[in-house]
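Chemist: generate a structure from the sequence data that follows.
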Amino acid sequence: MSDAIAALSDAMRNDAETLRVIGQNVANMETTAYRREIAVLRPSFDQVTDDARVSAERALAVETVVDQRPGTLKSTSEALHLALEGPGFFVVETPDGEALTRRGDFRLDSESRLVTQAGLPVLGDNGVIRLDGATPQIAPDGAVRIAGDVVAQLRIAQVSPESQLTPIGGDLYRAAQLPDADSAARVRQGFLETSNVESVGEMVRLMETMRHFESVQRFVRGYDDMMGKAISELGKV
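Modeler: You can find the predicted model right below:
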């Protein structure tokens with residue numbers, strides 16, 4: 001395969017991945033606190049170690065990054081629905097260790113633990129939060145009170161703006177947490193955060209990517225026809 005065809009193949013592969021990311025964003029427009037993903041072009045290891053070929057012959061590789069801009073807050077009046085206003089993440093316990101989430105449509109499980117919709121325990125400063133079936137009052141600083149007594153303190157993790165969030169499925173992320181950071185986030189009880197996906201923006205990106213994919217596809221066909229004619233003419237010599 002020639003270098004030209006290889007570059008075109010990479011470009012079409014990148015477009016296909018970008019379309020997948022856009023489709024995923026559109027499918028999660030109504031998902032609570034969903035963070036849209038963005039397909040970006042970055043040089044691969046081979047490209048940055050081969051100066052003669054960088055950007056001249058091969059397309060850059062597509063990677064996805066998480067858009068950390070917040071969504072808007074929507075009132076639900078449910079006592080166990082929580083949203084974060086400002087930077088920060090709820091911390092939950094998973095079988096593979098701690099994970100971060102902005103999704104706050106929590107519930108109580110059969111053991112009176114505060115858990116996510118998937119049943120993962122929400123963590124406080126002293127571990128798993130148990131509410132004994134009572135309706136809590138949750139202050140903006142994350143203090144959980146029942147009948148006026150503080151029974152737990154929600155743990156709000158801070159993440160460096162330079163730290164890349166790694167999606168691990170189920171609205172969960174992993175990232176390097178800042179140790180002993182003062183939380184700038186405020187907990188809003190009775191609210192949920194919407195996704196930060198903007199339908200118009202995603203549709204524009206979808207059309208742009210489709211046009212680019214189709215133009216590369218036409219170029220590949222033209223290149224293939226040209227090579228076919230060249231081989232045919234050479235065969236007559």
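Chemist: got the contact list for the residue most central in space within the chain?
Modeler: Geometric centre of the chain, nearest residue: residue 66, 4.1 Å, by Cα atoms, centre = their mean. Neighbouring residues of residue 66 by Cβ atoms under 8 Å, 6 or more residues apart in numbering: 35-38, 164-165, 167, 173. C-beta here means a position set from N, CA and C on the backbone, and glycine is covered the same way.
Chemist: name only those of these that count as buried.
Modeler: The neighbour-count test (16 or more other Cβ atoms under 10 Å) marks 35-37, 165, 173 as buried among the contacts of residue 66.
Chemist: quick check: buried residues in stretch 72-82?
Modeler: 76, 80-82.
Chemist: which of those sits closest to residue 98?
Modeler: Using Cβ to Cβ, residue 82 comes nearest to residue 98 of the buried residues of stretch 72-82, at 17.7 Å.
Chemist: the closest residue to the closest one other than its chain neighbours: what's it in contact with?
Modeler: Among residues not flanking residue 82 along the chain, residue 104 sits closest, at 3.7 Å (Cβ to Cβ, 6 or more residues apart in numbering). Neighbouring residues of residue 104 by Cβ under 8 Å, 6+ apart: 32-33, 81-84, 90, 191-193.
Chemist: for the residues you listed, work out which two are farthest apart.
Modeler: Largest separation among the contacts of residue 104 by Cβ to Cβ: 90 and 191, giving 13.4 Å.
Chemist: identify the contacts common to these two.
Modeler: Shared contacts of residue 90 and residue 191, defined by Cβ under 8 Å, 6+ apart, comprise 82, 104.
Chemist: more neighbours: which of those two?
Modeler: For residue 90 versus residue 191, neighbours defined as other Cβ atoms under 10 Å are more numerous around residue 90 (26 against 19).
Chemist: please enumerate the helices of this structure.
Modeler: Along the chain, counting by DSSP state H, helices occupy 3-27, 45-48, 199-236.
Chemist: just checking, what packs against the first one?
Modeler: Contact partners of helix 3-27 among helices and strands, from 3 or more Cβ pairs under 8 Å, 6 or more residues apart in numbering; DSSP states H and E: strand 37-42, strand 61-66, helix 199-236.
Chemist: tell me which of these sits nearest to residue 183.
Modeler: Of the helices and strands packed on helix 3-27, nearest to residue 183 by Cβ to Cβ is strand 61-66, at 19.8 Å.
Chemist: before we move on, the earlier item: among the buried residues of stretch 72-82, which one lies nearest to residue 202?
Modeler: Of those, the one sitting nearest to residue 202 (Cβ to Cβ) turns out to be residue 76, at 25.2 Å.
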